[in-house]
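>>> Provided below are the primary sequence and the corresponding predicted coordinates.
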Amino acid sequence: MNPELIVFIIFGTVSIIGAIAVISFRHPIYSALSLIVTFFSQAGLFVLLGAHFVAAVQVIVYAGAIMVLFLFVIMLLNLGTLSAKGALTGKLKGVAIILGILLAVEGVYIAVRALKNDTAVASDAAKEAAAALANKPIETYDIGRLLFSDYLLPFEVTSLILLAALIGVIVLVKRDKQPEN
Amino acid sequence: MEINILEQIVIPIIKVLFIAHLLVIGVMVMIWSERRVSGWIQDRLGPNRVGPQGLLQPIADGIKFLFKEDLIPNHVDKPLYVLAPAMLLIPAMLTIAVVPFGDAITIGELEISLQIADINIGILYILAITSLGVYGVVIGAWASNNKYSLLGGLRSSAQMISYELTLGLGIIGVLMLSGSLSLRTIAGEGQAIAGEGQGSYPWEWNFLIHFPAFLAFTTAMFAETNRLPFDLAEAEQELVAGYHTEYSSMKFAIFFMAEYMNMIVGSAVVVTLFLGGWQFFGLETMGGPIWSGVISFAIFFIKTGIFLFVFIWVRWTLPRFRYDQLMNFGWKFLLPVALTSIVVTGTLYIATKGNLVWIGIGNTVAAFIVVSIVAGILALDNNSKAAAQDTSAAPLRQETLTIEAIE
């Protein structure tokens, strides 16, 4: 058996189990920890694809920073265990069912199409790019090159969005204090 | 795929076993030297009865921990309570995998690189794994179901998030000059794309070129390892013992092992990034192909040891920060210094065509200016606050508000 396939199965299984555990646990801390497990095994999948940089960033940003904040907030607010009935009631339940069915249909459609003729899904250009990258891991250097040349505009727009979010946070936090002065 | 059993399986396993055991033995030596050095600094003896100079004291401690009752209190969240020490220890041990601890040993045609894995994103790997270390503290604190533990965990997570930024930004200047994320390249060789690595003479090492970033990175490293003066997560006077209050026996010992392992790995990373790695002028080329590897390992070992001594020295010299001082220091001084180092290094690299002397001078001067500006702004701010305090009792009300919010 191909060793890459074995590693893929391990990481894939762990990430699916983690994802199921996120919504199955009644306690938010356990859910958050399961989400970390999922992120971590996804990073493993990225490594398998040769995208080492993306894997590292996945762990640094999601598992290392965002989830720490999640845990911090859960602990600070001291959220208790959800009741046995769950939070889904009334209208929410209907919306959840519709969205769930939609997602399932999409998943099945993509899977069937990929199994039927696995070459038709990707365009020719994408296939060529994949073939070129297949044998060597993507270097951080290449990513930097692309970000500051071909994808400069999206990159700058993203940074502007982040800056706007930062300023928004500062404004929201400051608003309480201003009436005092 | 052809697999060479000796090169791809046997030698890596030997390297992993060697480093893992070295790390555990290093922890024992660190515990002994911490107690002896602290005794020396405080003008007392420290443990000196078990074995020569008390060297066997850590083993006696270990046996004591193993034979103590492994108590799990009734009020804890059992699965997470048991898991937490491991969540702290495993990241501490994983980090060392990418640190190059020597040049290479050549036996005949076989070249053994003294590093477990030379991956091309080495430094990102280190940042990623150290950022996972905080979970052990936070989960241990929460699972203990104890007010003091929880407060310690909250403090620790806020502190680690704040100082991780400096940790990550402080090294960017170094990365820009060496042109690579691989620790082996940063330590010595450099890469064709951008610039050079570190030479073997002390003035060619990164700590002079990036002096402010070096200080910021080292300080952030102290904070990440939860050592004094940053050990607010376990401030004894306020929080009993912080996040590990409810732990006993070997679980408690594992928390401590993880702390010392983090120190050792942190020192090794600082040595690699800023202090020339395994190089020291003249020495690393001495001897034949086998001995030069061994000597380079010894150099790395000694450098790391000296830095570990600084860790202990600082702990027994500086008092603990107050919490607001800690946050102010991290966000208002260290972060601007790290950011300045990125801007100045990049600008001067282009402007002077990679003249390291100018980059070094520019970095230090710029950091000095930034720190002065920040200190000036803070002083003005404090003055106006003091003036406001004279006219109204508003600050007092604010304090009671925060206390209510915490409760």
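In hand now; what should we look at? Numbering: from 1, shown residues only, chains lettered A, B, ... in the order given.
>>> distance of the closest residue to chain B within chain A from residue B:127?
Taking C-beta to the nearest C-beta, chain B has its nearest neighbour within chain A at residue A:64, 2.8 Å off. Heads up, the C-betas are built off the backbone N, CA and C, glycines and all. The gap separating residue A:64 from residue B:127 is 8 Å, by C-beta to C-beta, to the nearest Å.
>>> higher neighbour count, those two?
Using other C-beta atoms under 10 Å in any protein chain shown as the criterion, residue A:64 and residue B:127 rank with residue A:64 on top: 26 against 21.
>>> give the contact list for the more buried one.
B:127, B:128, B:131, B:132, B:134, B:164 (C-beta atoms under 8 Å, 6 or more residues apart in numbering or on different chains).
>>> tell me the SS of it?
Three-state call for residue A:64 (DSSP: H, G, I helix; E, B strand; the rest coil): helix.
>>> how much space separates it from residue B:296?
Residue A:64 sits 32 Å away from residue B:296, going by C-beta to C-beta.
>>> packing partners of the longest helix along chain A?
When chain A is scanned for its longest helix (criterion: DSSP state H), the result is helix A:91-116. Packing partners of helix A:91-116 (3 or more C-beta pairs under 8 Å, 6 or more residues apart in numbering or on different chains; DSSP states H and E): none among the helices and strands.
>>> so for it, what's the average pLDDT?
Throughout helix A:91-116, pLDDT has a mean value of 86.
>>> residue B:157 against residue A:72, yeah?
Yes. Residue B:157 is within contact range of residue A:72, at 5.0 Å (criterion: C-beta atoms under 8 Å).
>>> neighbour count: the two, which is higher?
Taking other C-beta under 10 Å, residue B:157 and residue A:72 do not tie; residue B:157 has more neighbours (23 against 17).
>>> in contact with the more buried one, which residues?
Contacts of residue B:157 by C-beta under 8 Å, 6+ apart are A:68, A:71, A:72, B:134, B:137, B:138.
>>> go again with 10 Å.
The contact partners of residue B:157, taken as C-beta atoms under 10 Å, 6 or more residues apart in numbering or on different chains, are A:68-69, A:71-72, A:75-76, B:134-135, B:137-138, B:141, B:233, B:243.
>>> can you pick the most crowded of the contacts of residue A:64?
Neighbour counts for the contacts of residue A:64 peak at residue B:134, which has 29 neighbours (criterion: other C-beta under 10 Å).
>>> which SSE is it in?
Following DSSP states H and E, one finds residue B:134 within helix B:122-143.
>>> and the residue nearest in space to the middle of chain A, which of the three is it?
Centroid check for chain A by C-alpha atoms, centre = their mean gives residue A:39 as the closest residue, at 6.9 Å. Under three-state DSSP, the three-state class of residue A:39 is helix.
>>> repeat that for the one 5 residues further on.
Going by three-state DSSP, the secondary structure assigned to residue A:44 is helix.
>>> tally of neighbours for residue A:145?
Residues lying near residue A:145 (other C-beta under 10 Å) number 13.
>>> the helix or strand containing it packs against which elements?
For residue A:145, the enclosing helix or strand under DSSP H and E is helix A:140-147. Judged by 3 or more C-beta pairs under 10 Å, 6 or more residues apart in numbering or on different chains; DSSP states H and E, the packing partners of helix A:140-147 are helix A:52-57, helix A:152-174.
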